[in-house]
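**Q** Predicted structure and sequence below. I'll ask about it afterward.
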Amino acid sequence: MILLRGRTVVGGRAEGEALVTQLTVPGWGGVNPIKGVITEMRHDLRGVSFAGKVLVFRGAKGSSGWSAMYHTARLAGTAPAALVFNEMTTKVALGAVVMRVPSVTGFDRDPLQVIETGDWVVVDGDCGTVEVHKNGSGRG
Amino acid sequence: MLTLTDDEKAMLDGQHGKARQKAMDLLVRYAEALGAERFVETKNVAGVPGSANAFLQNYYKDKGGAGGDAIFSHFDLDSDELVDAPQAVVHTCHLQGGADPLHWETLGVAAEVVRGHEAREAFAVGKGVQILKTCTPYLAGNVPAFGEHCAWMESSAVIYANSVLGARTNTEGRESTSAAMLTGKIPDWGLHRDEPRRGTHRVDVRVAVDSVLDWGMLGYYTGEAVQERIPVLAGVTTVPDIVRLKHFGAAASSSGGVEMYHIAGVTPEAPDVATAFGGDAPLEVFAYGAAERRRVYEALNANASDPDVDFVMLGCPHAALEQLREAASILDGRRISGNTRLWIFTSRAVRDEADRAGYTAAIAAAGGVVMTDTCSAFAQAVPAGTKVAALDSAKQAHYLPAILGVQAWFGTTRDCIEAAVTGRWKGEAPS
């Protein structure tokens, strides 16, 4: 198990399978919140569902509709279980708040270098920590 | 650690009513997520208070109420409790909406959906919100002053306000703008402060950048290069006009997350390159030359192969008056192809001016339609059966294929209007 220490963005605790992208994640116009998938052309997560996953990403980009899209995803039941990201912006901060999912940033080690898609990840938003279990070990 | 003033505490304690309490609660959660230490006061808000798409209307109808107060409470303020929304306490304008109130049938929007938009517009009017219904409030009467703290949505308007006008706003969202409208507060973070407004990356422009197309491509390149950081353009030899700056910023905020840029010798916080960086060295330097320009052009045309164009869309961001004049001039005495539709989007304010100038009528005489409030990407509306679109906006070319699955050609305004007249795409990469 690998432990990453960061800071609280939104409190609470959740765990799930990691979905990792080195890219920034689009909002309005690049995501279908009803289906819970990225739709942006040329994005490495295009067509991939983030519902219930621990989304590990660089940060948010694009439209000011970011928060409204992921807020809608929460209502539609397709939101990620937790957010782990590097770059703080108003888009991702507000999006995390209205998604109401545990969220952590500002890590002592780059989560994009440590976590791979499929790892099992436990996010403790209250303590600002992220446990990484490689290759799905520690699941459930 | 977030510190609240006495009036902010009073709002949070409910002394100014339930709705302001919920608004302040949301702003506190948001400020803490950001790591902000305090709020700034704002008297200029641009958002979409109370609006709702079909999903939200149905969702809240099923939960027991999709009236204005329900949508505003639960979605805008992220409140589980239903509260009565009071009047806006500061100048607040409504950005783009879902349908043109005159041409909604052409747009393909159902009558019941239009009635829903009318009801939500009436709700916003009732709260003292100005209905600009545009992504370009700065072309429709809301022009913030240098240094003014704002709380704006709409990435293309945010980047314009920060970079061209020297106003101060982060890219706010639906919920934070509606909360700011009721409180006059927004977190003092990011672009409200001096240091984060300084340049971080330099883009050396090594090719002539003249046309609106050129500026759109340079913006698209810049956004991909710097993502959400702050570029300083060096080597720009001509002063771009409002239309060029509008297209540059819209592109940079779509391909990346750019919220502010500097053009040395042009924009107000960049009298020269060194000042724009605040004395620091750039973290990275990019060069934009003919090869980079070619790659941007190819990327923006990457999903188009069929030269038979069904649909030409102009006005992203919403057309300025001079762009409607240009379209009317190119169309003068001609008719668009029977196989092609031409829609040009603008604000209500600019269409009123275009009506008086005769541009709307000239475009209509050629078979085109000038519409307001929305655009194809926002309304998710193209003419029935559209497979191939032609666009003069890098932003729209970025979004429309992803949203509606159509092919999109990207070129000059003239390329697009010629395609509308002939039904064929003949645009060529700039040489």
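**A** Perfect, thanks for sending it. Residues are numbered from 1 along each chain as shown, chains lettered A, B, ... in the order given.

**Q** Now do the strands in chain A.
**A** Per DSSP state E, chain A carries strands over the ranges A:2-5, A:7-10, A:13-20, A:25-26, A:31-32, A:37-38, A:54-57, A:60-61, A:82-85, A:103-105, A:120-124, A:129-133.

**Q** buried stuff in the lowest-mean-pLDDT helix or strand in chain B?
**A** Between all helices and strands in chain B, the lowest mean by mean pLDDT, DSSP states H and E belongs to helix B:54-62, at a mean of 88. Using 16 or more other Cβ atoms under 10 Å in any protein chain shown as the test for burial, helix B:54-62 gives B:L56, B:Q57, B:Y59, B:Y60. Quick note: C-beta positions are derived from backbone N, CA and C, even for glycine.

**Q** Among the residues you listed, which one lies nearest to chain A?
**A** B:Y59 (5.5 Å; Cβ to the nearest Cβ).

**Q** Leaving out chain neighbours, which residue sits closest to the closest one?
**A** A:L75 (5.5 Å; Cβ to Cβ, 6 or more residues apart in numbering or on different chains).

**Q** And B:R294, by the same measure?
**A** Using Cβ to Cβ, 6+ apart, the nearest residue to B:R294 is B:A429, at 6.1 Å.

**Q** secondary structure class for that neighbour?
**A** coil (DSSP: H, G, I helix; E, B strand; the rest coil).

**Q** Now do the same contact list for it.
**A** B:R294, B:Y297, B:E298 (Cβ atoms under 8 Å, 6 or more residues apart in numbering or on different chains).

**Q** Most neighbours among those residues, which one is it?
**A** When neighbours are counted by other Cβ atoms under 10 Å in any protein chain shown, B:Y297 leads the contacts of B:A429 with 20 neighbours.

**Q** quick one: contacts for that one?
**A** B:M217, B:F410, B:A429, B:P430.

**Q** Repeat that for A:D126.
**A** A:D126 neighbours (Cβ under 8 Å, 6+ apart): A:T8, A:G11, A:G12, A:R13, A:P102.

**Q** Distance of the third one relative to chain B?
**A** Same thing as A:G12. Distance, A:G12 to chain B, by Cβ to the nearest Cβ, to the nearest Å: 12 Å.

**Q** Likewise for the last one?
**A** From A:P102 over to chain B the distance is 12 Å, taken as Cβ to the nearest Cβ.

**Q** For that residue, grab the count of nearby residues.
**A** 27.

**Q** Which pLDDT value goes with A:G140?
**A** Listed pLDDT for A:G140 reads 57.

**Q** ok, back up a step: possible to save the contacts of B:Y297 as TSV with pLDDT?
**A** Shown next, in TSV, are the contacts of B:Y297 (pLDDT from 0 to 100):
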residue	pLDDT
B:M217	98
B:F410	98
B:A429	92
B:P430	87
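
**Q** Show me just the buried residues among those residues.
**A** Buried by 16+ other Cβ under 10 Å: B:M217, B:F410, B:P430, out of the contacts of B:Y297.

**Q** OK, contacts around the first one?
**A** Taking Cβ under 8 Å, 6+ apart as the contact definition, B:M217 lies against B:A251, B:R293, B:V296, B:Y297, B:L300, B:A394.

**Q** closest to chain A among these?
**A** B:L300 (10.3 Å).

**Q** Next, count neighbours for that closest one.
**A** By the criterion of other Cβ under 10 Å, B:L300 has 26 neighbours.

**Q** beta partners of the closest residue in space to it that isn't next to it in sequence?
**A** Using Cβ to Cβ, 6+ apart and skipping the chain neighbours, the partner closest in space to B:L300 is B:F410 (4.0 Å). Here B:F410 sits in beta bridges with B:L391, as judged by DSSP bridges.

**Q** Closest one of the contacts of A:D126 to A:L45?
**A** Of all the contacts of A:D126, A:P102 has the smallest distance to A:L45: 20.4 Å, by Cβ to Cβ.

**Q** and the closest one, backbone torsions?
**A** Per-residue torsions, A:P102: phi -50, psi 130 (degrees, to the nearest 10).

**Q** How about it: what's its closest non-neighbour residue?
**A** A:G125 (3.2 Å).

**Q** which residues does that neighbour contact?
**A** A:T8, A:V9, A:V10, A:G11, A:G12, A:R13, A:A14, A:A82, A:P102, A:S103, A:V104.

**Q** roughly how far apart are it and chain B?
**A** Applying Cβ to the nearest Cβ to A:G125 and chain B gives a distance of 10 Å.

**Q** Might one say that the residue nearest to B:L300 is in contact with B:K395?
**A** No: with contacts counted by Cβ atoms under 8 Å, B:F410 stays clear of B:K395, the gap being 10.3 Å.

**Q** how about B:F345, secondary structure?
**A** Three-state call for B:F345 (three-state DSSP): strand.

**Q** Show the pLDDT at it.
**A** Predicted confidence (pLDDT) for B:F345: 98.

**Q** Just give the number of residues close to it.
**A** 31.

**Q** just the one 5 residues further on next, same as before
**A** Here the number of neighbours of B:V350 (other Cβ under 10 Å) works out to 25.

**Q** Can you tell me how far it is from B:E105?
**A** B:V350 sits 22 Å away from B:E105, going by Cβ to Cβ, to the nearest Å.
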